[in-house]
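K.L.:
Generate coordinates for the sequence data below:
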Amino acid sequence: MNRLCECVPDTDPTRISACFEAQKGRALQLRTSSAAQRIASLKRLQKALVAARPALYQAFVEDFGKPELEVELTEILPVLEEIAHAIRHLRQWMRPRRVGMTITSLGSAARIEYQPRGRCLIIGPWNYPVATVIAPLVSAIGAGNTVICKPSEYTPAVNAVLAQVLSAVFTADTVVLIEGGVATATALLALPFDHIFFTGSPAVGRIVMTAAARHLTSVTLELGGKSPAVVDESADLERAAELLLWGKLINAGQSCIAPDHVFVHRRVREAFVEACKVILVARHGAQTSDLARIIDHSHAERMAELIEDAQACGVPLLWGGQYDIDRCHVAPTLFGAPINAARIGHEEIFGPLLPIIEFDHLEEVVAQINAGPKPLALYIWSQSRRVARRLLAVTSSGGACINHCMQQYTQCKLPFGGVNHSGMGSSHGIHGFRAFSHERAVLTGGAFLPIRWLFAPYTPTRMKLARCISMLASRFG
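P.N.:
Sure thing, here's the model as predicted:
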């Protein structure tokens, strides 16, 4: 294989531009690539990823102590499922989609064709460095694009494995991994990509969108925010506590869709807290081996500051609160309310701290949710369909779960994405394929074209005919 630059580990803009230019010709070639060719690439990626499984387990331990089961469940499984789903459905997705005639298009045939966008950039975060880079890569390859992948500099061991996987599957004029920090990202964002797929914080998302605007580059932004959970008085409390704590503590809470805080009806609040404590003792207790580390010392310090600030503001500590910055360890921690004056009430927590907030009336919860930016996820726990429908109707979020937690991400037939502050655009399955495709409108005129009756000269008769067509179009579309 012709490998122009398998991995670029520096911030040299000249080398980065060379990698970008090397993909120009290949991007044009891929416009006519067949489903069979794209599927073959995805199968090679699938095989390479499976072969790299032991190396990925070890790399995650080195980078932030992530348990093997969590690596399998949150990094490898979603990507393998994404690949299998794309392989199974790609021919159907690529097929031009015919659309019906309208009054004004009588005599014509119309269809939508899916074209590759071209040269794409995928920027991934450190918290899920495989899933957030390889899953969108699957969509980009399925749609027929070239890709430059920029993973986070916080996960060097995982990045090394990803570089080996990608270089074993793709030539560098098709897919290349470029490592580095802010300077590397800045150099990449200065280039006129055809599409940018970014996963990260809303603050950096604004920077990405600003950079993309200079070249009128389309973007998909998967961001985050303070995703709330609501537990009403009819909820199955044990199940709610079981799944909400699983979602909160997997990856040590470092998940963009983790429940940030939970509203619990006053009548069941005490019982819910007790259910949480029972689960925490059973799952973790004095053990910390099944809890990932915080990614680095600066993030661990931020968690410690949130804990100290909450206690200084008089927020009740219900459980946990221990931390060891040197070991990047923060214990599962439950807080009570009020939290309005504390930083945990305003900042995205992104760690194993869970505030539990009492409420009396559902409208109080709705008002608080709608007062803030639209979150990436909303979690509803209720046995009442009316309550669930009401909450879905009067709030806005990227996605939602009813009596479940975080699994909206792993359902690859559902679109995954945020709204406004929590992101724009969607990924996964056909939604990811479309994100990396341009939907081109194609109309073919037939022998019979009624529009010719309306050509100049514009006589009174033709004006009457135009009005008649307008009237028919307004009634029948």
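K.L.:
Make sure E358 is indeed in a strand.
P.N.:
Yes - per DSSP: H, G, I helix; E, B strand; the rest coil, E358 lies within a strand segment.
K.L.:
Can you read off the pLDDT for it?
P.N.:
For E358, the pLDDT comes out at 96.
K.L.:
ok, it - contacts?
P.N.:
Taking Cβ atoms under 8 Å, 6 or more residues apart in numbering, we find E358 in contact with 263-266, 269, 337. Every C-beta, even on glycine, is put in place using the N, C-alpha and C of the backbone.
K.L.:
Which of the residues you listed ranks first by neighbour count?
P.N.:
When neighbours are counted by other Cβ atoms under 10 Å, V264 leads these with 28 neighbours.
K.L.:
Wait, a strand at W453?
P.N.:
No - using three-state DSSP, the assignment for W453 is helix, not a strand.
K.L.:
Report the contact partners of it.
P.N.:
W453 neighbours (Cβ under 8 Å, 6+ apart): 462, 465.
K.L.:
so how many other residues sit close to C276?
P.N.:
Neighbours around C276, by other Cβ under 10 Å: 26.
K.L.:
who touches it in this structure?
P.N.:
241, 245, 319, 334, 354, 356.
K.L.:
Adding distance to A187, pLDDT and secondary structure, write the contacts of E358 out as TSV.
P.N.:
Formatted as TSV, the contacts of E358 follow (distance: Cβ to Cβ, whole Å; pLDDT from 0 to 100; DSSP: H, G, I helix; E, B strand; the rest coil):
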residue	distance to A187	pLDDT	secondary structure
F263	44	98	strand
V264	47	98	strand
H265	51	98	strand
R266	53	97	helix
R269	51	97	helix
A337	45	89	coil
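K.L.:
Going by distance to R452, which of the residues you listed wins?
P.N.:
F263 (63.3 Å; Cβ to Cβ).
K.L.:
what sits against that closest one?
P.N.:
Contact analysis of F263 by Cβ under 8 Å, 6+ apart lists 228-231, 357-359, 365, 368.
K.L.:
What of S218?
P.N.:
Contacts of S218 (Cβ under 8 Å, 6+ apart): 117, 194-196, 212.
K.L.:
Now that we have these, can you turn them into CSV and tack on neighbour count and secondary structure?
P.N.:
Formatted as CSV, the contacts of S218 follow (neighbours: other Cβ atoms under 10 Å; DSSP: H, G, I helix; E, B strand; the rest coil):
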residue, neighbour count, secondary structure
R117, 21, coil
D194, 18, coil
H195, 25, strand
I196, 24, strand
A212, 20, helix
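K.L.:
For A473, pull up the helix or strand it's in.
P.N.:
Per DSSP states H and E: A473 is located in helix 460-476.
K.L.:
And the contacts of that helix?
P.N.:
The contact list for helix 460-476 (Cβ under 8 Å, 6+ apart) reads 102-104, 453-454.
K.L.:
State the pair within these that is farthest apart.
P.N.:
The span of the contacts of helix 460-476, defined through Cβ to Cβ, is set by T102 and W453 at 16.4 Å.
K.L.:
in the stretch 301-450 of the chain, which spans are helices?
P.N.:
Shown for the stretch 301-450 of the chain, the helices assigned by DSSP state H, counting those that start in this stretch span residues 362-371, 385-394, 429-435.
K.L.:
got JSON lines for the contacts of F263, with distance to Y379 too?
P.N.:
Shown next, in JSON lines, are these (distance: Cβ to Cβ, whole Å):
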{"residue": "P228", "distance to Y379": "7"}
{"residue": "A229", "distance to Y379": "4"}
{"residue": "V230", "distance to Y379": "7"}
{"residue": "V231", "distance to Y379": "9"}
{"residue": "I357", "distance to Y379": "14"}
{"residue": "E358", "distance to Y379": "17"}
{"residue": "F359", "distance to Y379": "15"}
{"residue": "V365", "distance to Y379": "12"}
{"residue": "Q368", "distance to Y379": "15"}
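K.L.:
circling back to that earlier point, tell me which two of the contacts of E358 sit farthest apart.
P.N.:
Going by Cβ to Cβ, the pair spanning these furthest: H265 and A337, at 12.9 Å.
K.L.:
Tell me which residue lies nearest the centroid of the protein.
P.N.:
E222 (4.3 Å; Cα atoms, centre = their mean).
K.L.:
can you tell me the average pLDDT over stretch 212-228?
P.N.:
For stretch 212-228, the mean per-residue pLDDT is 97.
K.L.:
Check stretch 244-251 too.
P.N.:
97.
K.L.:
Pretty sure I112 sits against V99.
P.N.:
Yes - counting by Cβ atoms under 8 Å, I112 touches V99, with 6.5 Å between them.
K.L.:
G314 and P352, how far apart?
P.N.:
In this structure, G314 and P352 are 21 Å apart, going by Cβ to Cβ, to the nearest Å.
K.L.:
what does V133 give?
P.N.:
According to Cβ to Cβ, V133 stands 24 Å off from P352.
K.L.:
Same question for V208.
P.N.:
In terms of Cβ to Cβ, V208 sits 28 Å off from P352.
K.L.:
quick one, which of the two is more surrounded?
P.N.:
Neighbours were counted for V208 and for P352 using other Cβ under 10 Å; P352 has more, 27 against 22.
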